[in-house]
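A.B. asks: After the sequence you'll find the predicted model.
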Amino acid sequence: MPRRNTQPVSVAGIEFAALLNETQTYTADIPEYPIETGYTVSDSIILKPTELPLTLLITDTPLTWRGRVRSVSETEAMLKELYFKKSTFTVITPSGTFNNMGITSMQIKRSTELGFDKEVSLSLKEVPTTETKTAAIPASYGKSGATGANAGTASTGTGSTGSGGASGSSGSGGSSSSKKQSSGSILYNVASAAGLV
């Protein structure tokens with residue numbers, strides 16, 4: 001018969017009468033290819049999430065630390081609800097506290113040896129989390145968006161493309177043609193004087 005716990009063993013706040021088995025599993029992916037001399041090995045070793053298989057006892061017997069009573073069926077229903085909820089939770093065992101854990105598998109065993117009690121086998125796995133960080137963009141980089149405000153500066157150099165060329169040709173068409181006529185008249189007069197035309 002397993003010894004009663006001297007402190008609560010809880011999974012997401014659900015307390016159990018006894019912890020029958022606990023295994024902490026730590027694994028990592030290590031590259032099989034050679035590492036160059038002087039290279040930081042820790043950059044190549046990838047730590048995998050912690051796994052925590054637990055075997056727990058559900059019983060109607062009052063818990064020794066505070067005398068709280070919860071029926072076997074009630075505890076079983078809470079475990080099933082936790083499994084189908086698909087959320088992370090905290091696990092507390094005599095070995096320590098494990099945060100951000102999720103259920104990968106759950107087995108609820110009932111036998112003649114256990115009587116009215118039930119044995120629960122949980123396979124728990126850590127869910128890695130990261131923190132979201134934001135950074136302020138300096139005003140010198142400009143802004144963008146639907147309004148286009150402060151998106152940058154436009155090129156203001158002279159050119160002959162776009163509507164400027166068209167407006168320039170239309171606006172100064174008279175002066176250009178008059179210059180061509182005057183230059184043409186001078187050449188014609190020179191050619192005429194030379195007897196070429």
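C.D. replies: Looks like it came in fine.
A.B. asks: switch to C-alpha atoms for all contacts and neighbour counts from now on
C.D. replies: Noted.
A.B. asks: ranges for the strands of the protein?
C.D. replies: Counting by DSSP state E, the chain has strands at residues 9-11, 14-16, 18-22, 28-29, 46-47, 51-58, 89-93, 96-109, 118-126.
A.B. asks: In the longest one, which residues are buried?
C.D. replies: In terms of neighbour count (16 or more other CA atoms under 10 Å), strand 96-109 has its buried residues at F98, M101, G102, I103, M106, I108.
A.B. asks: List the contacts of it.
C.D. replies: Outside strand 96-109, the residues that touch it by CA atoms under 8 Å, 6 or more residues apart in numbering are 83, 86-92, 118-128.
A.B. asks: Among the residues you listed, name the buried ones.
C.D. replies: Buried subset of these (neighbour count, 16+ other CA under 10 Å): 83, 88-89, 91-92, 118-127.
A.B. asks: just the residues you listed: which has the poorest pLDDT?
C.D. replies: Note: of those, the lowest pLDDT belongs to K118, at 90.
A.B. asks: thought it was touching I58?
C.D. replies: Yes - shown here, K118 and I58 form a contact pair, counting by CA atoms under 8 Å, at 5.1 Å.
A.B. asks: Which residues are in contact with each of these two?
C.D. replies: Residues within reach of K118 and of I58 at once, by CA under 8 Å, 6+ apart, are V72.
A.B. asks: need the strands of the chain in a markdown table with distance to A136, can you?
C.D. replies: As requested, those are arranged in a markdown table below (distance: least, CA to CA, whole Å):
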| stretch | distance to A136 |
| --- | --- |
| strand 9-11 | 40 |
| strand 14-16 | 43 |
| strand 18-22 | 46 |
| strand 28-29 | 36 |
| strand 46-47 | 31 |
| strand 51-58 | 38 |
| strand 89-93 | 33 |
| strand 96-109 | 30 |
| strand 118-126 | 32 |
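A.B. asks: so who does P31 touch?
C.D. replies: Taking CA under 8 Å, 6+ apart, we find P31 in contact with S44, I45.
A.B. asks: I'd like to know how far it sits from L47.
C.D. replies: To L47, P31 is 12 Å away according to CA to CA, to the nearest Å.
A.B. asks: what does T104 give?
C.D. replies: Going from T104 to L47 by CA to CA gives 19 Å.
A.B. asks: and what of T61?
C.D. replies: Distance check for T61 against L47: by CA to CA, it reads 40 Å.
A.B. asks: next one: A77
C.D. replies: Between A77 and L47 the computed distance is 34 Å (CA to CA).
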